[in-house]
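S.K.: This is a predicted model, with the sequence first.
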Amino acid sequence: MSAGEGRVRTSDERVPGGLEIVRVGYDDPDAARLVEEVQEEYVRRYGGRDESPVEPAEFRPPGGSFFVGYEDGVAVATGAWRRSGVEACGTRATAEVKRMYVVPTAQRRGHARRMLAHLEASAAAHRSEALVLETGALQPEAMALYESAGYAVIPGFGHYRDSPINRCYAKRIG
C-alpha cells in the first residue's frame, strides 16, 4: 500500500480499551514517525538502531501487514508482520512480528497485548500457522509480554541470531 492508497480499517475497527487498529502502508506518516521513535528507543537501550533488513513491500498483503493503533485519534502504537519461513512450532508457514511499539504516554493500558493479538489474527487469516519474533535482553517488558501471551523461547534466527542478547520466541496461531 502506498501513501496514496489511504488507510484500511480492519474488521475489528474498535477493539476493547479504546485502541483503533488501522492497516497502513509502511510509508504512512504516522507509521514512519512511530518507527523512528522505536529506533530512538533502541539507540537508548542498545547504543544503535535496529539494523535488521526491512523492505516496505514485505508489509503489503498477502505477504504481510503494518498496523497503527490510535487512541482518541492519536497514533500511539505500531505492530507489523511479514512472511518468514523460519521453522518454528512444527511449521515453516510462519510470519515474523516486527515494529511492536507503544509510545511511553500510552503504555500500561493493554495496547501492546491488543496489538499482538491483532497481529496473530491477521497473520492467521493470511495462512500463517505460527508467529516468530526477535527481541533483546534489554527489553524485559517485551519478553514478559510475549511469555505471558504464550510465546516460547526458540533458537536464534534473523539478523541478530548470533548476538548474546538476542531473544527469539514463537507461538502457534490459528
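M.R.: Structure received.
S.K.: Please point out which parts of stretch 154-168 sit buried.
M.R.: Along stretch 154-168, these residues count as buried under the neighbour rule (16 or more other CB atoms under 10 Å): 154, 157-158, 160, 166-168. C-beta: built from backbone N, CA, C; applies to glycine.
S.K.: ok, whatever helix or strand Val153 lives in: who's next to it in the sheet?
M.R.: Assessed by DSSP states H and E, Val153 sits inside strand 152-154. Sheet pairing of strand 152-154 (DSSP bridges) gives strand 166-172 (antiparallel).
S.K.: Select the longest helix from the protein.
M.R.: The longest helix of the chain (DSSP state H) is helix 29-46.
S.K.: Mind giving me the packing neighbours of it?
M.R.: Using 3 or more CB pairs under 8 Å, 6 or more residues apart in numbering; DSSP states H and E, the elements in contact with helix 29-46 are strand 64-71, strand 74-83, strand 94-102.
S.K.: cutoff 10 Å now
M.R.: If you count contacts as 3 or more CB pairs under 10 Å, 6 or more residues apart in numbering; DSSP states H and E, helix 29-46 packs onto strand 19-24, strand 64-71, strand 74-83, strand 94-102, strand 130-136.
S.K.: any weak-confidence spans in this structure?
M.R.: Applying pLDDT under 70 to the chain flags residues 1-17.
S.K.: mind redoing it with 80?
M.R.: 1-17, 174 (pLDDT under 80).
S.K.: Tell me, how many residues neighbour Cys138?
M.R.: In this structure residue 138 is Leu, not Cys. Residues lying near Leu138 (other CB atoms under 10 Å) number 14.
S.K.: just to revisit the earlier point, residues contacting the strand holding Val153, please?
M.R.: 86-89, 130, 132-133, 143, 146-147, 167-172 (CB atoms under 10 Å, 6 or more residues apart in numbering).
S.K.: again, only using 6 Å
M.R.: Applying CB atoms under 6 Å, 6 or more residues apart in numbering, the contact partners of strand 152-154 are 88, 168, 170.
S.K.: Of the helices and strands packed on helix 29-46, which is nearest Arg114?
M.R.: strand 19-24 (5.3 Å; CB to CB).
S.K.: Also compute the angle for the closest one relative to helix 29-46, please.
M.R.: Comparing the axes of strand 19-24 and helix 29-46 via axes from the mean of the first three to the mean of the last three CA atoms, to 10 degrees yields an angle of 110 degrees.
S.K.: Who are the packing partners of strand 19-24?
M.R.: Using 3 or more CB pairs under 6 Å, 6 or more residues apart in numbering; DSSP states H and E, the elements in contact with strand 19-24 are strand 64-71, helix 111-125.
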